[in-house]
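1. no sequence for this one, just the structure:
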């Protein structure tokens, strides 16, 4: 996303946030998909919203599905990257708390509430296989960490991931969420497991998250507010 | 939903669950909306799935929106009714636990995962005003009960409602949910508030829920499995 990419000259001056035409297409599509719906939005509508020709859009994305794939993968991949870079020797409580904190910040930071599109019928089809696999992989990381805390067969192992994704419903219902939400949900993802006395854990998790570059927290977007 | 209602003779024998044509239309629409999408599904497709003429469908519902309104209101109204009938003198922990238990059972019991449609762009429009108001009203009941436990300004007051609605994401991702889930989420809706030592509370809440007639737990559907 650092080169301007191919494409014909613009019909209009750029009016979308984003350093490249590709980023502007993604931003316009994210707005249209979340406010009008995926099915009723055509690539032509997206091109018009960016101020480029439809043919120019096809230089960046072959299909409308490809645009949604890019948007959805971008809601999951930074969190997987963040988790990949955590020290495997961390206590599971700290690691789970940091993962939940980063993930909530990431899901809160994007200009558009893309998680609201996760359960579209279209997303169950083949072009979204890799996205679904990545999200399943992330879900499994939460579950594995939770199992280290409460034991493998405990039904509560499914809850931390769901607590974090509740930010999606909050954004859909209430619009902007409070800047303190990532800490609230990161803490809640441990209290649902019965972990109490969390001050040391949240303090260690905060230190792991605040060092992360802002661009990771909503990669196409303005830097997120600090998560606490 | 106890009378057969108007309408022309059937094109085919009934093949949908439901005691009336109206219930069959609702079941077919719920399947199509959740598996193919609301926008791409026409009233004609719904009529064909039921085996009736499109004109007969219009005897029951004037618009496609009206069908979705009926389906969505049916995910919220039984829970509001259940809460209306609880003794106002109950301790807030017991009442919140019973509400979360019933609500999770209700959201788990329907044949189709209708909560996955709550955040469709169409549902933000005027025909859905009453549904959105009812759901907001339910949300406020959770928040008010939680505020009696942790205090009014506490950000955790928003969490019990979200913990309960996480059943929607679980169904979307995993299909059928475990019969024990209502108890797990009812308990979690209190542990996220920092309430511990829950045995007496869950026992009192269970007693309030198990006396409820099965038809309330998924009104158009086969009776739910007992919630614990």
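-> Arrived safely, thanks for sending. Since the model is a prediction, treat every value here as computed from it, not as a measurement.

2. Can you read off the backbone torsions of residue A:151?
-> phi 100, psi 150 (degrees, to the nearest 10).

3. Would you mark the buried spots in stretch A:30-49?
-> For stretch A:30-49, the neighbour count (16 or more other CB atoms under 10 Å in any protein chain shown) marks A:30-34, A:37-39, A:41, A:43, A:45-49 as buried. Glycine gets a C-beta too; all of them are placed from N, C-alpha and C.

4. Ok, stretch A:161-180 next?
-> Across stretch A:161-180, burial judged by 16+ other CB under 10 Å covers A:161-173, A:177.

5. show me which of the residues you listed neighbour chain B.
-> Among the buried residues of stretch A:161-180, proximity to chain B is found for A:162-163, A:165-166, A:169-170, A:172-173 (CB under 8 Å from any CB of the partner chain).

6. Export these to JSON lines and append columns for secondary structure and pLDDT.
-> Putting those into JSON lines (DSSP: H, G, I helix; E, B strand; the rest coil; pLDDT from 0 to 100) gives the following:
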{"residue": "A:162", "secondary structure": "helix", "pLDDT": "98"}
{"residue": "A:163", "secondary structure": "helix", "pLDDT": "98"}
{"residue": "A:165", "secondary structure": "helix", "pLDDT": "98"}
{"residue": "A:166", "secondary structure": "helix", "pLDDT": "97"}
{"residue": "A:169", "secondary structure": "helix", "pLDDT": "97"}
{"residue": "A:170", "secondary structure": "helix", "pLDDT": "97"}
{"residue": "A:172", "secondary structure": "helix", "pLDDT": "96"}
{"residue": "A:173", "secondary structure": "helix", "pLDDT": "96"}
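
7. Closest to residue A:67 out of those?
-> residue A:172 (20.6 Å; CB to CB).

8. Wait, the closest one touches residue A:117, no?
-> No. With contact defined as CB atoms under 8 Å, residue A:172 does not reach residue A:117; the gap is 10.7 Å.

9. list residues touching both of the two?
-> Here residue A:172 and residue A:117 share no contacting residue, scored by CB atoms under 8 Å, 6 or more residues apart in numbering or on different chains.

10. so what's the residue nearest to the spatial centre of chain A up against?
-> Nearest to the mean C-alpha position of chain A, counting by CA atoms, centre = their mean, stands residue A:75 at 2.4 Å. Each residue near residue A:75 by CB under 8 Å, 6+ apart is listed here: A:106-107, A:110, A:114-115.

11. Let me have those in a markdown table, adding distance to residue B:190, neighbour count and secondary structure as columns.
-> Shown next, in a markdown table, are those (distance: CB to CB, whole Å; neighbours: other CB atoms under 10 Å in any protein chain shown; DSSP: H, G, I helix; E, B strand; the rest coil):
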| residue | distance to residue B:190 | neighbour count | secondary structure |
| --- | --- | --- | --- |
| A:106 | 28 | 26 | helix |
| A:107 | 25 | 27 | helix |
| A:110 | 31 | 23 | coil |
| A:114 | 31 | 21 | helix |
| A:115 | 26 | 24 | helix |
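
12. Tell me which of the buried residues of stretch A:30-49 fall in helices.
-> A:30-34, A:43, A:45-49 (DSSP state H).

13. could you dump these to JSON lines with pLDDT and distance to residue A:202?
-> Output for these, formatted as JSON lines (pLDDT from 0 to 100; distance: CB to CB, whole Å):
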{"residue": "A:30", "pLDDT": "98", "distance to residue A:202": "31"}
{"residue": "A:31", "pLDDT": "97", "distance to residue A:202": "34"}
{"residue": "A:32", "pLDDT": "98", "distance to residue A:202": "38"}
{"residue": "A:33", "pLDDT": "97", "distance to residue A:202": "34"}
{"residue": "A:34", "pLDDT": "97", "distance to residue A:202": "31"}
{"residue": "A:43", "pLDDT": "98", "distance to residue A:202": "44"}
{"residue": "A:45", "pLDDT": "97", "distance to residue A:202": "44"}
{"residue": "A:46", "pLDDT": "98", "distance to residue A:202": "41"}
{"residue": "A:47", "pLDDT": "97", "distance to residue A:202": "45"}
{"residue": "A:48", "pLDDT": "96", "distance to residue A:202": "46"}
{"residue": "A:49", "pLDDT": "96", "distance to residue A:202": "41"}
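
14. Intersect those with the contacts of chain B.
-> residue A:34.
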